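Chemist: My questions concern the predicted model and sequence given below.
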Amino acid sequence: MWADNETDEDLLGYDFVVDPLVVALTESRLLPVTVGLLGDWGSGKSSVLKIVRSELEALTGGTDTGETGGRYVCVEFSPWRYEDYDDVKVALMSAVLDRLQAEVSGKAAEEVSRLRRFARGLRRGSRWFGRAALTSAPATAAALAAAIDPAMAATSTGLVTSATGAVAGEARRLLEDPAESGNAASGSDPVLEVAAFRTQFAELVDGLDNVAAVVVLIDDLDRCLPESVVDTFEAIRLFLNTAKTAFVVAANQQVVESAVDSRYPALRRLDGSGIGADYLEKMLQIKVGIPPLSVAEAETYINLLLAELRLPGDLFAAVRAHVAARRAADGFAVAFNLGVAEQVLGTQGGAGTPAVLVRDLEWAAQIGPVLASGLRGNPRQIKRFLNNLMLRSRSAARRGITLDLGVLAKLMVLEDQHFADFRRLFDWQVEAAGPIPQLAAAEALGRAEPPAEPGDRADAGRRGARRQPGREASGATDDGAGRAGEGAAATPPVASNVVEWAARPHVQAWLALAPPLGSVDLRPDFTYSREKLSLGVVASRLAPGLQELLIRVQSDVPTVRRTAIDAIGELGPDERGQVLEALLHTLGRLPGGPAFAAALELAGRVPDTVAEVCDALMRVPVNAVPVAQAQRAVLQLPAEHPSTIALLARWRSGGVPALERVVRIAIETRAARGRG
């Protein structure tokens with residue numbers, strides 16, 4: 001199996017993402033610079049940061065442009081890891097200074113210590129000071145105003161500037177007060193102003209003669225609360241954005257823009273939209289995007305993961321080198337498959353491709369294109385699918401059950417992408433004592449031949465080799481039955497529900513995948529899908545179309561989820577009530593699952609569901625409410641609705657500090673919006 005963590009081993013072929021980052025960060029004329037590494041959840045941003053750091057730290061004598069300037073000092077920082085325990089702005093400053101402490105000595109080391117004392121003083125002064133006073137300093141107001149569209153109403157900008165000026169005055173008072181700064185020596189310490197800190201930090205970095213640049217790699221910003229997102233950018237702008245510094249911010253652009261809109265609700269463009277996009281445009285001088293994997297790239301990635309699992313380190317290194325050369329020659333083709341494996345491994349001592357890898361690459365070749373397109377080219381989702389596949393296989397092995405990975409993978413593709421059809425198959429399996437006759441009939445319709453007698457898995461594999469995937473059904477009788485050929489008896493009529501199911505385009509495509517399953521007893525495979533099949537009696541009563549909506553509305557892909565919500569909103573009251581009941585039933589059993597976010601978004605876009613959703617959330621124990629989903633709740637539920645007010649009051653007084661903080665911030669944000 002594969003760890004779901006960032007890595008500096010590039011199996012994705014992301015040279016085209018890493019290269020522009022390295023070029024920008026090593027171009028001294030661009031400094032100081034803030035670069036945005038933008039991509040969806042699971043697209044590989046963290047791994048790209050690891051690779052960039054590795055390449056920068058390997059540079060010791062200039063760049064391809066002929067510039068010299070010494071080493072690159074890299075600092076990794078995740079604001080998400082600090083926001084529940086510390087002031088994010090202060091944590092970022094401290095992380096940079098802690099790293100620089102190792103680069104200096106003598107007088108410069110004393111300067112770092114003074115700057116660190118100043119940062120600690122901000123932390124101890126008060127969280128209000130760190131998160132409100134400095135956040136509202138005039139320098140921030142000026143930067144924010146520059147990010148806003150010039151067409152924005154001048155009165156709005158004036159109001160915000162006046163308010164921030166008043167709060168900034170209080171900030172200066174606290175800075176000048178030794179008791180508030182928390183620094184015993186603050187009376188003689190010259191680092192008492194933001195401007196002074198910035199000047200002395202710039203002098204410190206500029207004095208690092210053997211350092212070309214200090215590069216701060218910021219990850220997980222899109223996991224943070226709105227105030228932490230803005231605090232991170234403001235720490236860069238107010239304190240750290242000086243000569244010989246560079247910042248790389250890895251995030252989902254839409255999430256960050258939404259967070260900025262939430263943090264500054266009173267600032268609006270003339271069309272009523274928020275200023276998040278303009279703010280981000282101002283903060284990021286360069287943007288590098290990570291696109292979804294193409295089908296060919298996804299197939300290569302799947303095959304490389306399997307090769308990594310099955311090959312020893314030296315052979316896998318040879319495979320990676322060969323794949324890198326193929327990608328350089330043609331970045332749009334499948335760079336690794338069974339044929340390439342034979343070509344590479346056949347030259348490594350004549351051992352050839354291990355039999356277990358041959359089998360893996362064979363079934364991967366069948367499901368790879370379908371899996372790649374169904375998971376929208378998302379590396380993390382692909383890896384999680386494969387991990388789930390291996391987890392089920394190995395779990396069965398502990399009970400002495402051998403699951404064919406090809407059979408299991410094909411079944412899981414249907415489960416992952418068309419759950420309503422997967423559940424229908426399961427219902428048929430429950431009625432059968434072995435192989436599923438309806439599945440055999442559906443496959444026969446696609447082959448235009450009668451279903452074969454049930455056999456073993458080996459027989460299924462042999463027939464799969466003879467089968468021609470993708471053939472359209474032909475020669476079927478009017479009632480849906482096929483014929484075996486001249487002189488053969490006609491098969492019994494196929495039930496209309498099977499004919500209807502087999503006629504669906506996505507089911508036809510799935511049936512065409514090898515191996516055929518009509519003669520396979522799938523009960524062991526379904527046994528290890530029980531966690532998803534346990535949607536409860538409520539879900540099982542839904543019509544197939546409504547079951548499909550129930551699955552789609554819980555998708556991790558925003559466009560899929562929103563389309564499903566729109567479809568639910570267009571249903572009649574009875575059918576919409578059925579879907580909502582099933583969704584809230586799932587939410588009650590698994591509050592940490594995708595049903596929580598789905599229910600919130602549904603309530604936010606379909607007003608007559610608000611009361612039921614809030615009532616269901618009131619029944620969830622407060623300590624089981626995911627904090628990230630609580631943030632989503634206060635942003636999406638209508639603030640004035642009595643059910644929303646009651647829910648937020650319960651969360652605010654529930655004794656969970658992180659949850660209480662989220663609700664408090666939301667109430668303050670809405671109050672600011674009302675005053676605006």
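Modeler: That came in fine, so what should we check first? Numbering: from 1, shown residues only.
Chemist: Once you drop chain neighbours, what's closest to residue 560?
Modeler: Residue nearest to residue 560 in three dimensions, not counting chain neighbours: residue 552, with 5.5 Å by CB to CB, 6 or more residues apart in numbering. The C-beta positions use only the backbone N, C-alpha and C, and glycine is treated the same way.
Chemist: Return the residues in contact with that neighbour.
Modeler: Taking CB atoms under 8 Å, 6 or more residues apart in numbering as the contact definition, residue 552 lies against 560-561, 563-564.
Chemist: which of those residues has the most neighbours?
Modeler: Per-residue neighbour counts (other CB atoms under 10 Å) across the contacts of residue 552 peak at residue 564, which has 22 neighbours.
Chemist: so who does that one touch?
Modeler: Residue 564 touches 549, 552-553, 555, counting by CB under 8 Å, 6+ apart.
Chemist: Could you export these as a markdown table, including secondary structure?
Modeler: Compiled in a markdown table, the contacts of residue 564 are given as follows (DSSP: H, G, I helix; E, B strand; the rest coil):
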| residue | secondary structure |
| --- | --- |
| 549 | helix |
| 552 | helix |
| 553 | coil |
| 555 | coil |
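Chemist: Tabulate those (JSON lines), appending distance to residue 431 and pLDDT.
Modeler: JSON lines is the format used below for the contacts of residue 564 (distance: CB to CB, whole Å; pLDDT from 0 to 100):
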{"residue": "549", "distance to residue 431": "25", "pLDDT": "85"}
{"residue": "552", "distance to residue 431": "26", "pLDDT": "85"}
{"residue": "553", "distance to residue 431": "28", "pLDDT": "88"}
{"residue": "555", "distance to residue 431": "29", "pLDDT": "83"}
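Chemist: Out of those, which is nearest to residue 4?
Modeler: Proximity to residue 4 was ranked across the contacts of residue 564 by CB to CB; first place goes to residue 555, at 18.7 Å.
Chemist: Which of the helices or strands spans the closest residue to the closest one other than its chain neighbours?
Modeler: The shortest distance from residue 555 to any residue that is not its chain neighbour, by CB to CB, 6+ apart, is 4.8 Å, and that residue is residue 561. If you go by DSSP states H and E, residue 561 is part of helix 558-569.
Chemist: Moving C-terminal from that helix, which element do we reach first?
Modeler: helix 573-589.
Chemist: and that next one, which residues are buried?
Modeler: Judged by neighbour count using 16 or more other CB atoms under 10 Å, the buried positions of helix 573-589 are 575-576, 578-587.
Chemist: which SS state does residue 212 fall under?
Modeler: The three-state assignment at residue 212 reads strand, by three-state DSSP.
Chemist: swap in residue 76?
Modeler: Following three-state DSSP, residue 76 is assigned to strand.
Chemist: Also residue 660?
Modeler: Applying three-state DSSP to residue 660 yields a three-state assignment of helix.
Chemist: any idea which helix or strand comes after the helix or strand bottoming out on mean pLDDT in the chain?
Modeler: The element with the least model confidence among the helices and strands of the chain, by mean pLDDT, DSSP states H and E, is helix 178-181, at a mean of 37. Sequence order places helix 194-206 as the next helix or strand after helix 178-181, per DSSP H and E.
Chemist: Show me what that following helix is packed against.
Modeler: Using 3 or more CB pairs under 8 Å, 6 or more residues apart in numbering; DSSP states H and E as the contact definition, the elements that helix 194-206 packs against are helix 106-125.
Chemist: what does stretch 611-630 rub up against?
Modeler: When contacts are taken as CB under 8 Å, 6+ apart, the neighbours of stretch 611-630 outside the stretch itself are 223, 580, 584, 587-588, 591-592, 596-597, 599-600, 602-603, 633, 637, 641, 643-644, 646-647, 650-651, 654-656, 658-659, 662-663.
Chemist: For it, buried residues please.
Modeler: Applying a neighbour-count criterion of 16+ other CB under 10 Å, the buried positions in stretch 611-630 are 612-614, 616-617, 620, 622, 625-630.
Chemist: Over to stretch 20-33?
Modeler: Residues of stretch 20-33 classed as buried: 20-22, 24-28, 31-33 (neighbour count, 16+ other CB under 10 Å).
Chemist: Relative to residue 319, how far out is residue 313?
Modeler: From residue 313 over to residue 319 the distance is 11 Å, taken as CB to CB, to the nearest Å.
Chemist: What of residue 19?
Modeler: Using CB to CB, residue 19 is found at 22 Å from residue 319.
Chemist: More neighbours: these two, which one.
Modeler: It is residue 319, of residue 19 and residue 319, that has more neighbours when counted by other CB under 10 Å, with 21 against 13.
Chemist: can you tell me the helix or strand for the more buried one?
Modeler: With elements delineated by DSSP H and E, residue 319 resides in helix 313-329, which encompasses its position.
Chemist: elements contacting that helix?
Modeler: On the basis of 3+ CB pairs under 8 Å, 6+ apart, helix 313-329 makes packing contacts with helix 295-310, helix 338-345.
Chemist: how far out from the middle of the chain is that helix?
Modeler: Distance of helix 313-329 from its chain centroid, counting by CA atoms, centre = their mean, to the nearest Å, is 28 Å.
Chemist: In contact with residue 425, which residues are there?
Modeler: Residues near residue 425 by CB under 8 Å, 6+ apart: 414, 436, 439, 522.
Chemist: no no, residue 256
Modeler: Each residue near residue 256 by CB under 8 Å, 6+ apart is listed here: 221-222, 229, 276, 280.
Chemist: what about the stretch 201-350 of the chain, any weak spots by pLDDT?
Modeler: Segments of the stretch 201-350 of the chain classed as low confidence (criterion: pLDDT under 70) are 347-350.
Chemist: same question, the chain
Modeler: Regions of the chain meeting the criterion pLDDT under 70 cover residues 6, 60-69, 83-86, 122-193, 347-351, 448-493, 530-542, 544, 670, 673-676.
Chemist: so where do the strands sit in it?
Modeler: Listed from the start of the chain, the chain has strands (DSSP state E) covering 33-38, 71-77, 211-218, 245-251, 286-289.
Chemist: closest to residue 671 out of those strands?
Modeler: When the strands of the chain are compared by CB to CB, strand 245-251 sits nearest residue 671, at 27.3 Å.
Chemist: Quick one: list the elements packing against the closest one.
Modeler: Looks like strand 245-251 contacts helix 15-25, strand 33-38, helix 45-58, strand 211-218 (3+ CB pairs under 8 Å, 6+ apart).
Chemist: Show me the domain layout of this structure.
Modeler: Residue ranges for the domains of the chain, per automatic domain parsing: 16-289, 419-534, 543-675.
Chemist: looking at those domains, which is closest to residue 299?
Modeler: Proximity of the domains of the chain to residue 299 was assessed by CB to CB; the nearest stretch is domain 419-534, lying at 14.2 Å.
Chemist: Now do the contacts for the nearest residue to residue 274 once chain neighbours are set aside.
Modeler: Computed as CB to CB, 6+ apart, the closest residue to residue 274 that is not its neighbour in sequence is residue 261, at 3.1 Å. With contact set as CB under 8 Å, 6+ apart, residue 261 has these partners: 274-276.
Chemist: Give me the buried subset of these.
Modeler: Buried by 16+ other CB under 10 Å: 274-276, out of the contacts of residue 261.
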